[in-house]
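>>> Here is the input, now give the coordinates:
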Amino acid sequence: MKPTIRTLSLQELAILVDWAAVEGWNPGLEDAAMFQAADPEGFIGAFVGNEMVAAISAVAYGHEFGFIGLYICRADMRGKGYGKAVWTAGMARLAGRTIGLDGVAEQQANYRHKGFRPAYETIRYSGRKAGPAVRDDGLRTVTTQLVPDIIAYDTHCFPAPRRAFLQRWLPAPHYGLAAISSRGTTGYAVARPCRSGFKIGPLFADDKEIALQLLDGLAGMCGGGELHIDVPATQLDFIAALDAAGFSPTFTTSRMYKGQPPKLGPHRIFGVTTLELG
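Got it, this is the predicted structure:
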């Protein structure tokens, strides 16, 4: 049966997030509402009758960049072309943009066939912060007054402006910290409560020491709960510090792009925001 393809409501997006939990992706407790803020039209489903059978996120960040994620077909509906239908719709929605995604190892050949090329590997590290606290001079809890400067800093670390998203992502129920010095904002990080523990993302900072201060501060705010962070494999010194602090690698993905890869300074990216939205 040919499916109906349409934009998801918030309630349907919440169902998609539940599917992600079943797949073992450990989504955030408030991901549906937070994700929708990035692009209300960017979540697409395939429906047979009144039932959603497949879905995808195809979030447009302006006219130059977009990101594919949350690509799931319901287990009992696989092999019928419904996943392909939402993929086609998502890619069509982002046409003309550089498109990013985070691909697990078993899907990377498929994405290469579709025109995506790897940019860097990302490693998920999980653990509870151990060892002495690092100095946290200059860390401040994110407040409304700090948001404009954080949004400005984010433009150095993310391929396109995402003001609406960050205005939802930074405040409670998430935990947000900014690093402030005499030269202004030098980093920021967010922890979000998930089905299991907390995910740290983004973690953007001018250098490793500031990144570790932010991580340590968030660990305290999360009450010693398990933390998960997706770290670019190029951040060797930061990874060594995570190993020393008691974190362990759990799985890897590859950040891939179709089109001209974004021109960003990768040295500031210590933890990606999410594997679903970039």
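>>> how about the strands in the stretch 51-200 of the chain?
For the stretch 51-200 of the chain, the strands defined by DSSP state E, counting those that start in this stretch cover 51-61, 65-73, 98-104, 117-127, 139-141, 175-181, 184-193, 198-205.
>>> what packs against the fifth one?
Using 3 or more CB pairs under 8 Å, 6 or more residues apart in numbering; DSSP states H and E as the contact test, the elements touching strand 139-141 are strand 175-181, helix 208-221. Where C-beta positions appear, they are placed from N, C-alpha and C, glycine not excepted.
>>> can you rerun that using 6 Å?
strand 175-181 (3 or more CB pairs under 6 Å, 6 or more residues apart in numbering; DSSP states H and E).
>>> what angle do the strand it packs on and strand 198-205 make?
Here strand 175-181 runs at an angle of 20 degrees relative to strand 198-205 (axes from the mean of the first three to the mean of the last three CA atoms, to 10 degrees).
>>> In strand 175-181, which of the residues would be classed as buried?
175-180 (16 or more other CB atoms under 10 Å).
>>> Next: stretch 249-260.
Buried positions in stretch 249-260, judged by neighbour count with 16+ other CB under 10 Å: 253-259.
>>> Equivalent analysis for stretch 10-22, please.
12-17, 19-20.
>>> same deal with stretch 186-197?
In terms of neighbour count (16+ other CB under 10 Å), stretch 186-197 has its buried residues at 186-194, 197.
>>> What's the mean pLDDT across that stretch?
Averaging pLDDT along stretch 186-197 yields 97.
>>> How about stretch 111-131?
Averaged over stretch 111-131, pLDDT sits at 92.
>>> tell me which residues of that stretch are tucked away?
Residues 111, 116, 119-120, 122-127, 129 are the ones in stretch 111-131 that count as buried (16+ other CB under 10 Å).
>>> so how far is it from its chain's centroid?
In terms of CA atoms, centre = their mean, to the nearest Å, the centre of stretch 111-131 is found 11 Å from the chain centre.
>>> what does it contact?
Stretch 111-131 is contacted by residues 103, 219, 226, 228-234, 242, 245-258, 261 when judged by CB atoms under 6 Å, 6 or more residues apart in numbering.
>>> now swap in stretch 233-247 and tell me
For stretch 233-247, contacts defined as CB under 6 Å, 6+ apart pick out 120-121, 123, 125, 127, 129-131, 208, 211-212, 270.
>>> Closest one of those to residue 37?
residue 270 (23.6 Å; CB to CB).
>>> Packing partners of the helix or strand containing the closest one?
Using DSSP states H and E, residue 270 sits within strand 269-271. When contacts are defined as 3+ CB pairs under 6 Å, 6+ apart, strand 269-271 sits against strand 198-205, strand 227-232.
>>> in its sheet, what does it sit against?
If you go by DSSP bridges, strand 269-271 pairs up with strand 198-205 (antiparallel).
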